[in-house]
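Undergrad: my questions are about this predicted structure, shown below with the sequence.
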There are 2 protein chains.
Amino acid sequence: MQLKLVIVTCLMAFGLKNQAQPEVPIPTQAQLDWQNAELVAVFHYDLHVFDEKKYNQRENRITPITDYNIFNPKNLDTDQWVKSAKDAGCKIAILTATHETGFALYQSDVNPYCLKAVKWRNGKGDIVKDFVESCRKYGVKPGIYIGIRWNSFYGVYDFMVNGDGKFAENRQKYYNKVCEGMVDELMSRYGDLAIVWFDGGAHGPEKGGPDVLGIFEKYQSNCIFYHNTQRADIRWGGSESGTVPYPCWGTYPFRYSHSTNQEVIYKNNFQLLKEGDPNGKYYMPAMSDAPLRGYNGRHEWFWEPGDEAHIFLIENLVKMYYNSVGHNSTLILGLTPNADGLMPEPDVKRLKEFGNEINRLFTNPIATTSGNGKKIILKLKEKQKVNQLVLLEEIALGERVREFVVEGKTANGWKKLSEGSCIGHKYIARFDEVEVSSFRLMIKKSVAEPVIKEFAIYNSN
Amino acid sequence: MQLKLVIVTCLMAFGLKNQAQPEVPIPTQAQLDWQNAELVAVFHYDLHVFDEKKYNQRENRITPITDYNIFNPKNLDTDQWVKSAKDAGCKIAILTATHETGFALYQSDVNPYCLKAVKWRNGKGDIVKDFVESCRKYGVKPGIYIGIRWNSFYGVYDFMVNGDGKFAENRQKYYNKVCEGMVDELMSRYGDLAIVWFDGGAHGPEKGGPDVLGIFEKYQSNCIFYHNTQRADIRWGGSESGTVPYPCWGTYPFRYSHSTNQEVIYKNNFQLLKEGDPNGKYYMPAMSDAPLRGYNGRHEWFWEPGDEAHIFLIENLVKMYYNSVGHNSTLILGLTPNADGLMPEPDVKRLKEFGNEINRLFTNPIATTSGNGKKIILKLKEKQKVNQLVLLEEIALGERVREFVVEGKTANGWKKLSEGSCIGHKYIARFDEVEVSSFRLMIKKSVAEPVIKEFAIYNSN
């Protein structure tokens, strides 16, 4: 019902009421909002941030933390966290309510391994609440990340309770109830969310996992569900490089996207996740995630002491932007506050620099237009030097374009500036600076009438 | 050092300073206090009291409780608990700080599955603290029971973390640290304790268990340690019938008493635990435990709805007393408050009746004496009808008597009233009423000079 309403609304808005409805997958409102956000922050925060040791994910998954009272972020300030993400341009910010230790950053009534257990704030702290309130204060949409695939505290490894016999079977049932209970709490207590993200996915009940989808649907009617074996509204882009290849279609042939669950996905280094499938029946755009501290041989989702030298440079981040947002994907930057409870100053500074640079690059187009059909012309009042173009499809109507070329009229006639296949939410192309007086976008192949929401020209120098 | 001090003190007190020191095992002060207590209550209280279902121990051990917020004893009153035990004559009262669910009835900083986790009392409840304070108020010595052998929450079955490989190994290490941490908290926070009781024992570190003995010794210098594979100050009496057979020696051939750990103990239905060994090198008296709700085919350590018909009758309890306290053992009555947080009225009433009956039976001896040596005479001013006698050895000097007979001078000459082997802390004999003017206790065999602390004659009618 909801999908249909969205379609009708969009069709009306774009004056297409009487046209034939194209048979291409279309996004939900939550998926539209997600793609419009373009930049997303995911804050990783867990017990081991406080252990003064290097994070070793493999070990962490099988080694419970002995003293959880190390969790003591004395100067916790989620306003400062969220502002740092907003400064980078993030429109959505996600917090790991739980990650692989199983420790929950809120006041759970179903998982005692939570902020109730610690001395910090006299056992009354609720970082999820603080975080969501900070998001609302800064006009950033909040999302929640839930780790249930790994849980060193309960003894869960790759979805399953470690053990055997009836005991393990009962503990699996119990663990599933804990997970369902946490999802209920997290979906119901903190208002509307932009996304709920299950770390590494969740098994659906058909695979012996918790039954979380119905709970999600009960409380969050306009929210990205990512993901279990029943549903995925977005997909992982196949790497943690902050980029996807080109083309990267927003559609996918399966309803869910577990990288572990289908042989076809393993192939060619997750090629299907990376590229998507233009003929895929499901609207499921790719994310491009990377930790901010991923420079020069490191790749750290979690804060560690002395890791400042591994913050990505501006040039790395800008390149990521072009190869994620500019490839019809969403750039998700992994941010991690320190043991003091604050985003470290070097990270804050870099995020602000990044936000400023993206603003500089994309805020002032030389010219912009929009339109339907196979050919769209954009004329300048006078010729100008340009080196960058941006295309957006009206993805509320689905990804319709399959092949296109953009040409510019130079002193020497029409010259090809860029060509490609997928436009989707956004396509960005850089090219050698050239003096152009007019542009034309020609759609050479499409599955329904092309609807170009924006066709913009820039000079990034 | 402490043992030697106790010996010297006792020897001086009994004027034996210059006699040869007998080579029999002697108790510590804590063991003396324990045996002098004679009657002990152990309060069982755990999550499943609140589940409105029958307690099924086998299932409970492998089935975590889904909703721990069922724990909501609205009218909790530990004063009322302790008073009910005191009314029965208990001088020591023990509380299950944790039992087989793993849920801890206090504010643990190492086990989040505790009263911090629940809504009850806003997560600030501490029943161990309340209980210990109530004990002190009523002049009852507090003891603490700790369940670490079974833990359905953490996935521990019969000492071991269920699972395999490095993950289970790491979780075992973690679990051991949790146990050590809880022992540290429970031994250090609540002042001097009469006993710490590990449910079903604890493995010592040599068997991969937690290293709790050193922690206990650090904080509790005058306290019964019961028990791990390193030490046991008392032993289980081999049944949960509230009785031990006769004789039941207070000495034992092994330093620890796990019923599961030595083939010799399994033999003949735990015969060694029941009888002890008069030649045993270790002072380790037997307990006789039974739940108050053990009548007529039931045997319930935990409160359940509608179980009042299974409270032992007075005659059952009195019989237990004779066959436990009267057999050199300690009677431990299992009491269990209800889901409302109170000892149920029928239990309270029965305990008071029992205390009154024991008082009636033993408070007013017809005559009493004491003395050293192989023959002790007790003359009455005039002949009287009697039917009961009580003997106590001065067990501070060890159990010395091996064979004895008590005779009464009747109109027809000396008549044997009772004979036996072990006296120990207390020997009670009932016999057909007979008119007697004088009594003689003759020690026919002993391993050192007999020291009879009390020789008392009663008529229980």
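TA: Structure received. Numbering: from 1, shown residues only, chains lettered A, B, ... in the order given.

Undergrad: residue A:372 touches residue A:450, doesn't it?
TA: Yes - the pair residue A:372 / residue A:450 is scored as a contact, 6.6 Å apart, by C-beta atoms under 8 Å. Any C-beta I mention is one placed from the backbone N, CA and C, and that applies to glycine too.

Undergrad: so for the two, which sits in the more crowded spot?
TA: More crowded of residue A:372 and residue A:450, by other C-beta atoms under 10 Å in any protein chain shown: residue A:450, with 24 against 17.

Undergrad: need the pLDDT of the more buried one.
TA: Here, the pLDDT recorded for residue A:450 equals 97.

Undergrad: mind checking which helix or strand the nearest residue to it once chain neighbours are set aside is in?
TA: Closest residue in space to residue A:450, ignoring its immediate chain neighbours: residue A:443 at 4.5 Å, by C-beta to C-beta, 6 or more residues apart in numbering or on different chains. In this assignment (DSSP states H and E), residue A:443 forms part of strand A:427-446.

Undergrad: next one: that strand to chain centre, how far?
TA: Put simply, strand A:427-446 sits 28 Å off its chain's centre (C-alpha atoms, centre = their mean, to the nearest Å).

Undergrad: report all helices and strands that that strand contacts.
TA: strand A:375-393, strand A:401-410, strand A:413-420, strand A:451-458 (3 or more C-beta pairs under 8 Å, 6 or more residues apart in numbering or on different chains; DSSP states H and E).

Undergrad: who in the stretch 101-250 of chain A is up against chain B?
TA: Counting by C-beta under 8 Å from any C-beta of the partner chain, the stretch 101-250 of chain A comes close to chain B at A:109-110, A:112-114, A:116-117, A:119, A:123, A:152, A:154-155, A:157, A:161-168, A:170-171, A:174, A:177.

Undergrad: give me the contact list for stretch A:202-215.
TA: By C-beta atoms under 8 Å, 6 or more residues apart in numbering or on different chains, the residues outside stretch A:202-215 that reach it are A:148-149, A:159-160, A:172, A:175-177, A:179-180, A:183-184, A:187, A:198, A:225, A:227-231.

Undergrad: give me the distance between the two termini of it.
TA: By C-alpha to C-alpha, to the nearest Å, the extent of stretch A:202-215 from end to end equals 14 Å.

Undergrad: chain center to it: distance?
TA: In terms of C-alpha atoms, centre = their mean, the centre of stretch A:202-215 is set 22 Å apart from its chain centre.

Undergrad: residues of that stretch that come out buried?
TA: By 16 or more other C-beta atoms under 10 Å in any protein chain shown, the buried positions in stretch A:202-215 come out as A:202, A:203, A:204, A:205, A:209, A:210, A:211, A:212, A:213, A:215.

Undergrad: stretch A:256-272 too?
TA: For stretch A:256-272, burial by neighbour count (16+ other C-beta under 10 Å) applies to A:256, A:257, A:258, A:265, A:270, A:272.

Undergrad: skipping adjacent residues, who's closest to residue A:305 in space?
TA: Residue A:305 sits nearest to residue A:52 (C-beta to C-beta, 6+ apart), 6.3 Å away.

Undergrad: oh, that last question was meant for residue A:438, not what I typed.
TA: Residue A:438's closest residue in space is residue A:409 (C-beta to C-beta, 6+ apart), at 4.2 Å.

Undergrad: does that neighbour touch residue A:435 like I think?
TA: No - look at residue A:409 against residue A:435 with C-beta under 8 Å: they stay out of range, at 9.9 Å.

Undergrad: these two: which has the busier surroundings?
TA: Legend: neighbour count by other C-beta under 10 Å for residue A:409 and residue A:435, higher for residue A:409 (18 against 12).

Undergrad: from residue A:368, how far out is the more buried one?
TA: Between residue A:409 and residue A:368 the distance is 17 Å, computed by C-beta to C-beta, to the nearest Å.

Undergrad: picking that back up, taking the buried residues of stretch A:202-215 one by one, which sit in strands?
TA: Among the buried residues of stretch A:202-215, the residues falling in strands (DSSP state E) are residue A:202.

Undergrad: chain B: which of the buried residues of stretch A:202-215 is nearest?
TA: The nearest member of those to chain B, counting by C-beta to the nearest C-beta, is residue A:210 at 12.3 Å.

Undergrad: which regions of the stretch 201-350 of chain A lie under the pLDDT threshold?
TA: Within the stretch 201-350 of chain A, the ranges that satisfy pLDDT under 70 run A:259-262.

Undergrad: can you pull the contacts of residue A:79?
TA: Each residue near residue A:79 by C-beta under 8 Å, 6+ apart is listed here: A:134, A:137, A:138.

Undergrad: I figured the second one hits residue A:82, correct?
TA: Yes - taking C-beta under 8 Å as the definition, residue A:137 is a contact partner of residue A:82 at 7.4 Å.
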